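> Structure of the sequence below:
(chains A and B)
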Amino acid sequence: MIDLQWIRANTELAKSRHSKRPNTSSEEIEHLIALDASRRSAQGKLDEAKTEANAAAQEVGKLFKTGQKDSAELLREKTKELKATTASLEQAMREANDALNAHWIQLPNLAFDEVPEGKNEEDNQEIRRSDRPCKEASATHWEIAERLNLLRMDLGVKLSGSGFPVYVGGMAKLQRGLVSYFLDEANKAGYAEFQVPHLVNEDSARATGQLPDKEAQMYEATLDGLFLIPTAEVPLTNLYRDALIHENDLPIKLTGYTPCFRREAGSYGKEVRGLNRLHQFDKVEVVQIVPPRDSKAAHQDMVHHVEALLDALEMPFRILNLCAGDLGFAAGITYDFEIWSPGQSRWLEVSSVSNFGTFQTNRLRLRYRDQDNNKIKPHTLNGSALAIPRIVSGLLEQGWDGEVVHLPKVLHAYVGMDRLTKQDVRL
RNA sequence: GGAGAGGUGGCAGAGUGGUAAUGCAGCGGAUUGCUAAUCCGUCAUCGUCUAAUAGCGAUGCCCGAGUUCGAGUCUCGGUCUCUCCGCCA
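Numbering: from 1, shown residues only, chains lettered A, B, ... in the order given. All right, here's what the predicted structure looks like:
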């Protein structure tokens, strides 16, 4: 959640940054400040009442000890009355606190200054693109996959439903190879590798901002109060929930491969053809936790990491600075990576690299001590490096020669072959 | 899933119902040829006051209810960890 102390001190700035997003108003910030003020005044009143009650209770103890039974009994009756007062003030305090939290937690992060104005994806700002040529009109990846018998959506439907693909032979190996390749590259770039749970509890989902915003996006195991992760960001970042670390531990750089589960309710048509949008897909994620002064550099660092991966895979790509309207709930700034799909003649998102500022830190209750022993809120960042099926669809369309799919050199050793050919698996 | 034991600050670790010891680490200071040692202070959160400190108040002993004038301590429910049993890749 956004930083309340900062907003108190920089109210006007907060309003303008908040209002950059569509469907927001500066009244929401004013309301937040008002709720905070009434919470604090409620606490003041409660504190006063409790001071009195505490003193009285102590006095009773003393009177009993010194044998003054009568006056003790008298005072005891009085403190009972005090109790009623504090009880009602306590109730008021709780209500003020709940009202504050209810409003606070549903406010999105403040957009960074560098975020362009805008309502939707049309207003995103292109940062740069690779100089690799974008091939024209080839076959789509689902046509290629069908020709080579690499993908069986129908079997996935039988097992689970639409959006749960079954990959066959070389395509399965390709995905496994990509996971290894991406993890190796992340390791080389200094990210420590983790294997984490694929189901998380409510606290974890709230801390990274999936709740309450994206409740409908996640699969939920209601019987156990667990959510299937929509991204490895959730378990990886939550490793540092409720933690007090030291500046010397920073920067923290984590990576992990997990499947990602997304309900994607309401998607349809060409959006969901082939591998475009899935309920389950594999992804390698990178996460950084850094001192506030370093977060912009860390963001660039992650962008360069993703860029290098796409270059090694010989992919034509472009980088977009998402406008305020397209920015996710928890993000302060996001760069999207899109690769060119010659089969579909459009750009497809393969990575999102975001800086969250202190938004997640506040929910995580994560702090670090600096050299002077001050407690500081670090910034968190994460990015896909990379989402596997979208890369696979790109590789299929880019490498297709009408007969086989040629794989980029860097993958030959990882996949154990230099091309994908027709699979003769029978089902 | 069953039985038992336990959960106290960054860490370790005390605490007959009367309002959270002590040690270590950290931070500030004092002393000191250097290093080390020693001494004093500080060292959870929120609020209040302030330019900022100091000060003052409240909260805080896994979470939530309850008993009581007063709960780390007593009662109930939950949760997590450990040990044993059962089941199991």
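
> show me what contacts A:Gln59?
Not quite, residue A:59 is Glu, not Gln. Contact analysis of A:Glu59 by CB atoms under 8 Å, 6 or more residues apart in numbering lists A:Leu75. Using the backbone N, CA and C atoms, a C-beta is placed for each residue, glycine as well.

> backbone phi and psi for it, please?
Dihedral pair for A:Glu59: phi -60, psi -40, per degrees, to the nearest 10.

> Would you pull up the residue in the stretch 301-427 of chain A closest to RNA strand B?
Nearest residue of the stretch 301-427 of chain A to RNA strand B (CB to the nearest atom of the strand) works out as A:Asn373 at 3.7 Å.

> sec struct for that residue, please.
With DSSP: H, G, I helix; E, B strand; the rest coil as the basis, A:Asn373 sits in coil.

> Tell me the spacing between the nearest residue to A:Arg363 once chain neighbours are set aside and A:Asp98.
Spatial nearest neighbour of A:Arg363, chain neighbours left out: A:Ala207 (4.3 Å); criterion: CB to CB, 6 or more residues apart in numbering. Here A:Ala207 is placed at a distance of 19 Å from A:Asp98 (CB to CB, to the nearest Å).

> who has more neighbours, these two?
A:Ala207 (24 against 12; other CB atoms under 10 Å).

> mind checking the backbone torsions on the more buried one?
Phi and psi for A:Ala207, reported as degrees, to the nearest 10, are phi -70, psi -30.

> for it, what are its contacts?
Listed by CB under 8 Å, 6+ apart, the contact set of A:Ala207 reads A:Thr237, A:Asn238, A:Arg241, A:Gln360, A:Arg363, A:Leu364.

> Run a quick check on A:Cys134 versus A:Gln344, I expect a contact.
No - in this structure A:Cys134 lies outside contact range of A:Gln344 using CB atoms under 8 Å: 11.8 Å.

> So for those two, which sits in the more crowded spot?
More crowded of A:Cys134 and A:Gln344, by other CB under 10 Å: A:Gln344, with 19 against 16.

> pLDDT at that one, what is it?
Per-residue confidence (pLDDT) for A:Gln344: 91.

> now A:Thr421
pLDDT at A:Thr421 comes out at 94.

> same thing with the one 3 residues further on?
We note a pLDDT of 84 for A:Asp424 in this prediction.

> From A:Leu278, how far off is the residue nearest to A:Asp224 when sequence neighbours are not counted?
The shortest distance from A:Asp224 to any non-neighbouring residue, by CB to CB, 6+ apart, is to A:Leu199 (7.9 Å). According to CB to CB, A:Leu199 and A:Leu278 sit 18 Å apart.

> who's more crowded, those two?
A:Leu278 (24 against 16).

> Could you tell me which residues of the stretch 251-400 of chain A lie near RNA strand B?
A:Arg369, A:Gln371, A:Asp372, A:Asn373, A:Lys375 (CB under 7 Å from any atom of the strand).

> which two from those residues end up farthest apart in space?
Within these, A:Gln371 and A:Lys375 form the most distant pair, 12.4 Å apart (CB to CB).
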